[in-house]
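> structure of the sequence below:
(4 chains)
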Amino acid sequence: LEERLIFEYAHADRSGVDLPEPPKVKDRLGGLRRRGAIGLPGLAEPQVVQHYTRLSQKNYAIDSGLYPLGSCTMKHNPRLNERMARLPGFGDVHPLQPQSTVQGAIELIGALAGWLTTLTGMPAVAMSPAAGAHGEMCGMMAIAAALAASGEGHRKTVLVPESAHGTNPATAAALGFSVKPIAATADGRVDVAALKAALGSDVAAIMLTNPNTCGLFERDIREVADAVRAAGAYFYCDGANYNAIVGRVRPGDLGIDCMHINLHKTFSTPHGGGGPGSGPVVLSARLAPYAPRPWVVRDDAGWRLAEEDGAAGDDQALGRLKAFHGQMGMFVRALAYMLSHGADGLRQVAEDAVLNANYVMARLKAELTPAFDGPCMHECLFDDDFLKDTGISTLDFAKAMIDEGYHPMTMYFPLVVHGAMLIEPTETQSKHALDEFCDTMLHLARKAKSGTAAEAFKAAPLLAPRRRLDETLAARKPILRWRPTNQGPGDGPLKQAAE
Amino acid sequence: LEERLIFEYAHADRSGVDLPEPPKVKDRLGGLRRRGAIGLPGLAEPQVVQHYTRLSQKNYAIDSGLYPLGSCTMKHNPRLNERMARLPGFGDVHPLQPQSTVQGAIELIGALAGWLTTLTGMPAVAMSPAAGAHGEMCGMMAIAAALAASGEGHRKTVLVPESAHGTNPATAAALGFSVKPIAATADGRVDVAALKAALGSDVAAIMLTNPNTCGLFERDIREVADAVRAAGAYFYCDGANYNAIVGRVRPGDLGIDCMHINLHKTFSTPHGGGGPGSGPVVLSARLAPYAPRPWVVRDDAGWRLAEEDGAAGDDQALGRLKAFHGQMGMFVRALAYMLSHGADGLRQVAEDAVLNANYVMARLKAELTPAFDGPCMHECLFDDDFLKDTGISTLDFAKAMIDEGYHPMTMYFPLVVHGAMLIEPTETQSKHALDEFCDTMLHLARKAKSGTAAEAFKAAPLLAPRRRLDETLAARKPILRWRPTNQGPGDGPLKQAAE
Amino acid sequence: MRYLPLTDADRREMLATIGVRSIDDLFRDVPTSVRLPGPIAGLSSHMGEMEVERRLGRMAARNLAASDAPFFVGAGAYKHHVPASVDHLIQRGEFLTSYTPYQPEITQGTLQYLFEFQTQVTMLTGMEVANASMYDGSTGASEAVLMANRVTRRNKAVLSGGLHPHYRAVIETTARWQGFRVAGAPVDADGIEDLAALVDKEVSCVVVQNPSVFGHVRDLAPLAQACHAAGALLVVVVTEVVSLGLLTPPGDMGADIVVCEGQSLGVGLNFGGPYVGLFATREKLMRQMPGRLVGETVDADGKRGFVLTLSTREQHIRREKATSNICTNAGLCALAFTIHLTLLGERGFTRLAELNHATAVRAAERLARVPGVKVLNDSFFNEFTVMLPKPAAPVVEALAERRILAGVPVSRLLPHAPLCADLLLVAVTETVSDDDIEALAAGLEEVL
Amino acid sequence: MRYLPLTDADRREMLATIGVRSIDDLFRDVPTSVRLPGPIAGLSSHMGEMEVERRLGRMAARNLAASDAPFFVGAGAYKHHVPASVDHLIQRGEFLTSYTPYQPEITQGTLQYLFEFQTQVTMLTGMEVANASMYDGSTGASEAVLMANRVTRRNKAVLSGGLHPHYRAVIETTARWQGFRVAGAPVDADGIEDLAALVDKEVSCVVVQNPSVFGHVRDLAPLAQACHAAGALLVVVVTEVVSLGLLTPPGDMGADIVVCEGQSLGVGLNFGGPYVGLFATREKLMRQMPGRLVGETVDADGKRGFVLTLSTREQHIRREKATSNICTNAGLCALAFTIHLTLLGERGFTRLAELNHATAVRAAERLARVPGVKVLNDSFFNEFTVMLPKPAAPVVEALAERRILAGVPVSRLLPHAPLCADLLLVAVTETVSDDDIEALAAGLEEVL
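From the prediction side, this is the model:
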């Protein structure tokens, strides 16, 4: 059965919510009472539950199986965390209640901040960024603020390796920096010589991901850090791949100045189909004074949110990044995850994540072509060399995986590798599941190389809720909302079949 | 992907639960410490969540779509009820806590009892039966107790119409009654003349379902009740079909002596794949003294559970039917449902249930053959006349529905109709959903009658997680548990495909 | 009304299609004298979620939740920690709102977990086959006796004095109305009864609980031998299924039927229900089992699949000749049970049992030091009996006022056994902290 | 450890397959000087669910939950009743644990609900297109200004004195570091400002909140005309989206961009986050929008389907030339929002708005009768400003001690505006009962 849009089920006269009769009053709407209907569809509760249940059944998810997306860390999302986030003391408190009535909530933010700074070996953390990219913005603002404070506002260049996430250059550019790409070496790491050469007096910062997006640890990171600092610049580390080293290496020991942490990657808060995220940023001592408001303070009177600068106006804070105090719901989940694992468990997380990725690489290299030699960290990268002359692209290969019951890996990223396939199994997959996955991948690779399967690959997927979708059409003639004139599926195949 | 059994994923060394180290003590197990392993499989939490998520995806459910099972009342299960049942004050209280600490819990049972007696117009209710069949047992025990108390223990015959649920004769027989079937008339109702003729001095009770399992109201029920009473017997009413009349007719006005109420049918507590149910029994004044312990009392001191008879031993109660006080979790859900609907809403429930069933009958009679003339109540019944000479059975027709996305209706029940198809849409389906369902049914009926589709029907279902299963094999060589020697799917098609 | 999708326009249109003028025309078979003209009086009208939550929330708030107090109440229902994923998974609509799996092609989810459940039950109990669950332990015990009667064609059950009084009452009720005899042993608070002496050639079964309701753990092998020698069956009841992580399973001691209350795993307290009964027996007795059974088979393509099987025992096929009138099982509770047990696994389950026992031993040792308190048990698992220097019920009440839930006074279960008035059953699970034990001991010292 | 499926045996076997001897060999690219020899000091070790629940439960218990007190706190986040089915549905694993729908064939669930969400947002706001959500209202407002700057190629934003101070602070932070100017109007507690006077040819947009943070409702059509005459855009911010059930939508008054905080529907208070930002604009400005967009298309079989579209605006394609650095949206909160709104429908949503307004009017009338209290607003939706005879912050604190959460003292938001010290923002939603209003009034009478 096709699932209609809610608008196609609708009846204005129906509602899935019963509300009491409003008391009779003279309205005080300043003459601005709405005229005419909004047009919202009305469904009864049973229909709503069925609609969203059926929609959900068209989704792949971590709960369905292995989710090998590189750089996205699709690990198990514990349900304990969901339960904790829904405790009334966390889920049902208002951000502007008197602070005396939310001491435990502020304490929780403080406790999470303590875990983050201790784990990373950094002295401070800004908790309010709403997502990883928001954290990048926060960190780069702090760098801009520090430069401004020291009279070095002229530093307007930011160095970014070619393999970086798109958010890195986008963030730098948004803040008015000019982005200078740094090449990669043949072994998939940043070209330290090129980097040093670029480190002039115009350079504000370098933005480096470590482990990098090729799944490799930047061996020379200490040397990079020293050079950056010597050049008077700041070292921004993209923490998207923190899962590979959490509990085993402290980023603070690497000489970085700031790093955002995706709580939905390393610390298991759910991706939720694309958000909400949460991106606290740990800061070095030289950036800490510029952290955004508010922050958490503990003093004799208890826990306190430092929300506003003093009347003296001597505040160095870079400002406020969002209303209220950050993604509390994600904080609770992340802290529940950290407490569950503990320092010992988090170390094991990193080890198992790296072990799983190397195991997959070891098994797959029988048929696929690893992009680089040597061990990887938490994700393994292949190029499309093994598909040469097959007429099958990375995309085709990925779509064929869907018919085998898997979500595709990350494709065509990082850009430095041709037809990249980036696989991150995460530590929450069993050896059994990895073996099943590897068996399938090897089978597909052999099939691809057989020389007779190109058409089958191009036709994939066949078994998914939809076959390949026309993205060009979508972009050329954007239909971004339903309108009554849209043709529903009621006139489509189903109706015909029934006749 | 095939979903293995937990035993086939297992590793004894793994656990999805972390527990603290037990304190060191000298054990006091009386020398009965277990020797050797239990053999339980060990899985980590991520695997467990994936396993059961994937299993769930192999199930049809109310949340997936229309569930037209006659006599089962598969209506929407509100999630509010689930939330209420999980309030710590209901879900996290022990049945043997001091009654002073569970006043609200006892009050809830009392409040539900009040709704049940008021709705049914009966003076008393026994709350402890765990399910409908258990309620039947309770009601028939009460009748036996009343007969014993009045010195009429010689009444050993119970009259049961041929169309009754299997539980009716099974219950009567279990209590040592001999079951005497009563024929149905051509219009699908009990043969009143035959019934009256059978009402001798040996008759203990009649067990009648009303509306009956043909979906028809027993027009002559008052006459039957009078005759039964005049003959010195009791009138047991099977309440499985109460949904058709709830809020619109009070069973107490029909002259019955007792009726069980399936909270999971009329009052929307979830079926849960086959339970738990809950089957309170309403009782007439002449049966009330024999109700089982415990019951709820409200006096000046508050709410109280009357759990044990007085020391005087003058108790008439029929005994205790189960440990503790009944299916509390179901009580909370049922009361939440009743409060949500109110007296007005429950009346509407009956009306819409009956309207939906008649609408389906009206639309389907274009191609299918209704078993009886005239309006039905909450379910409509067809025979297999329309399949005559097609080579297609009711079973084949039902399995073909699966490929169209529907759960089959109830088949081959009631037994009085040849190749019966009993359809109960319930009041929680929209007209839109009914139309879609009817279109599909009409399409299938036309296809069946086309004379060319028998093989296709026999092959159905093709699109379900499994095709038809060999039930004969299962019964002939019962395999009721996994053993290490069982062959898992790992050696099956998947493994081969991967090689 | 939020659960009713029909609009008035729909209703009018549908009545027209049917060809009647009003809804009343569809109710024409109902005698006019009993048709109510409007909503039933004395009941409230429909209300929104917010209002329902307020009403029920007020009732809920009048109860002291187990988690809000030091908690030692057991006697057939036990407070254990249930992992969050259990409740999450059982609430998936595909499980929660599914019917009995009579259509196996589209209910393999339910069927497979029940098959896994049956297997786990056989492992725990040391038996060969198990069914897909009963209402609860007490009704399961009663069905076990009926089954023993069928198997042995005898008509008399011997009940241990250590059997939970509620279980005994349920069996007695069944006996009274279904016509068999019961020989009940005297209350056995000390765990010293000799049941073998009561077994004669008329006895179909002996029903014994292990650990007993007073907590005593006993080797049942001698009793099993005595039963078998007399042609009777041994029915073993376990009300605390976690004990099977540490104790010799009934099957290894010669039990013929094992019945457990499965509430401890996955289900929660729920003020007494719904719970889940486990029922296991020997393979040769399989066809005399009550309740649903899931079996393995293959589908038309030869793939492994599961179905309800041996249903010729059941009422919907056999009607008055069925082995039991049972129709429902406790499917969703069985699901909670099996998920919890799968999460635990061998290692987690045995550790959970160790933790329960060790914590209980600690508690027993501490309470034994309270002046005037005597622990009756030499052996126990996670529950034991203490004798107080005065009646237990008022002591429990006094402690409840201090927000300590101290246990079950035996008089609550056996109001007519005066010798038991001073006895208190104390259950100690993994949820009990050292502070809780200290609070109970201190509370007792205060009120005694 | 319960979340880690590898056993030690697995690990050994896998290391052998890889061809290394120890896990350390896989970390060999990490300089030895920074490799930690063991767990990081100063942090606890792993613990079970029970212990985590205890720890976090203790913290949670130290907060006064909104439902446990008469509750009048608003100012950008509102307590509304969320139906139980909303939370049930968003917790389905297929929604909760799914990634961004970059693979449309197997994420039609997410894509379709986002398409429905976008449509609902356009309906509510009276606009033509909407994106698939922003982090929250405040960051959405800041993105709106950046978009206006791009569209107009101007560099100065005028901010209303009725704009939520946090929103203003977020825009100012963005302005400071991303390099544009802000002209902020003075605090407008009385709702009488004339923003048109501030619009000149340098202005890219005027940002105005309706109802304002002080609760005033205004007709923005004249301001829109002034903006358009000067070539500027009108950005309308709505922090209480329920108001759109009763008020003329911003689109009908001429808004070019509408940003709403969507927290009121489906999401809950969560101590400030996560929330969900709604972002809508005119069709002609579509390609300058930030954030993800879902569009309708067809698949290879011609069936309707949905995809992320116009992603050439986005960072993962355009890198430093992207319209915004945003990568995430608030998918799951958007789902909660759209489910709640779908449940409400036209009838439920407009009634909810009526109920909020009517209850708030009642509260305003009652508070106006408290001696010394003055209600500043002529017009409002469900929140209004009262002037107290003394500073509001200590009054609120005193009432909190009586377990009444009376509202937000304006000084909490504007600590450096001495004229505002006596002002209190009072929000009144459908969750407020008559008893609650009476409790607040009585409390005020007591502490004033």
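> any part of the longest helix that chain A contains near chain C?
Using DSSP state H, we find that the single longest helix of chain A is helix A:328-364. No. Residues of helix A:328-364 are not located near chain C by C-beta under 8 Å from any C-beta of the partner chain, the shortest gap being 9.6 Å. Placement of C-beta: from N, CA and C, glycine included.
> so how far is that helix off the chain centroid?
15 Å (C-alpha atoms, centre = their mean, to the nearest Å).
> which other helices and strands does the helix or strand just after it contact?
Later in the chain than helix A:328-364, the nearest helix or strand by DSSP states H and E is strand A:369-370. Here strand A:369-370 touches strand A:380-383, going by 3 or more C-beta pairs under 8 Å, 6 or more residues apart in numbering or on different chains; DSSP states H and E.
> which helices and strands does the strand it packs on pack with?
Packed next to strand A:380-383, using 3+ C-beta pairs under 8 Å, 6+ apart, are helix A:328-364, strand A:369-370, strand A:421-423.
> deepest-packed of these, please.
Of all those, strand A:421-423 carries the top mean neighbour count, a mean of 27, counting by mean count of other C-beta atoms under 10 Å in any protein chain shown.
> give me the average confidence score over it.
Mean per-residue pLDDT for strand A:421-423: 97.
> follow-up on the earlier one: the longest helix of chain A close to chain B?
Yes. Among the residues of helix A:328-364, A:S340 lie within reach of chain B under C-beta under 8 Å from any C-beta.
> for the helices and strands packed on strand A:380-383, give me TSV that also has distance to C:V187.
Formatted as TSV, the helices and strands packed on strand A:380-383 follow (distance: least, C-beta to C-beta, whole Å):
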stretch	distance to C:V187
helix A:328-364	46
strand A:369-370	74
strand A:421-423	66
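> out of the ones you listed, the one nearest B:M377 is which?
helix A:328-364 (48.1 Å; C-beta to C-beta).
> so stretch C:364-382, near chain B or not?
Yes. Using C-beta under 8 Å from any C-beta, stretch C:364-382 comes into contact with chain B via C:364-365, C:377-381.
> now the two most distant members of the residues you listed.
Of all the pairs that these form, the one spanning the most space (C-beta to C-beta) is C:E365 and C:F381, at 15.3 Å.
> ok, and the closest non-adjacent residue to A:L287?
Distances taken as C-beta to C-beta, 6 or more residues apart in numbering or on different chains put A:A142 closest to A:L287, at 4.6 Å, once the chain neighbours are dropped.
> that neighbour - that's part of a strand, no?
No. Read with DSSP: H, G, I helix; E, B strand; the rest coil, A:A142 is helix and lies in no strand.
> my guess is it meets A:L318, correct?
Yes. The pair A:A142 / A:L318 is scored as a contact, 5.7 Å apart, by C-beta atoms under 8 Å.
> show the backbone phi and psi for A:K265.
Note on A:K265: backbone dihedrals following degrees, to the nearest 10 are phi -100, psi -70.
> and the closest residue to it other than its chain neighbours, how many neighbours?
Spatial nearest neighbour of A:K265, excluding adjacent residues (C-beta to C-beta, 6+ apart): A:T73 at 3.7 Å. Burial measure for A:T73: 26 neighbouring residues, criterion other C-beta atoms under 10 Å in any protein chain shown.
> do I have it right that A:T73 meets A:N243?
Yes. Using C-beta under 8 Å, A:T73 is in contact with A:N243, at 4.9 Å.
> list the residues that contact both of those two?
Here A:T73 and A:N243 have A:265-266, A:378, A:426 as joint contacts, going by C-beta atoms under 8 Å, 6 or more residues apart in numbering or on different chains.
> can I get those residues in TSV with pLDDT and neighbour count?
Formatted as TSV, the shared contacts of A:T73 and A:N243 follow (pLDDT from 0 to 100; neighbours: other C-beta atoms under 10 Å in any protein chain shown):
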residue	pLDDT	neighbour count
A:K265	95	24
A:T266	96	28
A:H378	97	29
A:T426	97	26
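> mind listing what C:D190 touches?
Taking C-beta under 8 Å, 6+ apart as the definition, contacts of C:D190 comprise C:214, C:216, C:376.
> swap that for A:R481, please
Neighbour list for A:R481: D:115, D:118-119, D:122, D:128-130 [criterion: C-beta under 8 Å, 6+ apart].
> likewise for C:V370?
Going by C-beta under 8 Å, 6+ apart, C:V370 touches C:441, C:444-445, C:448.
> ok, now C:V373?
By C-beta under 8 Å, 6+ apart, the contact set of C:V373 is C:367, C:386-389, C:444, C:448.
> if you set the cut-off to 6 Å instead, what comes out?
C:367, C:386 (C-beta atoms under 6 Å, 6 or more residues apart in numbering or on different chains).
> need the phi and psi values for it.
phi -100, psi 130.
> that one and B:L463: what is the separation?
Distance, C:V373 to B:L463, by C-beta to C-beta, to the nearest Å: 66 Å.
> hang on, C:S45 packs against B:D344?
Yes. The criterion here is C-beta atoms under 6 Å, and C:S45 meets it with B:D344 at 5.1 Å.
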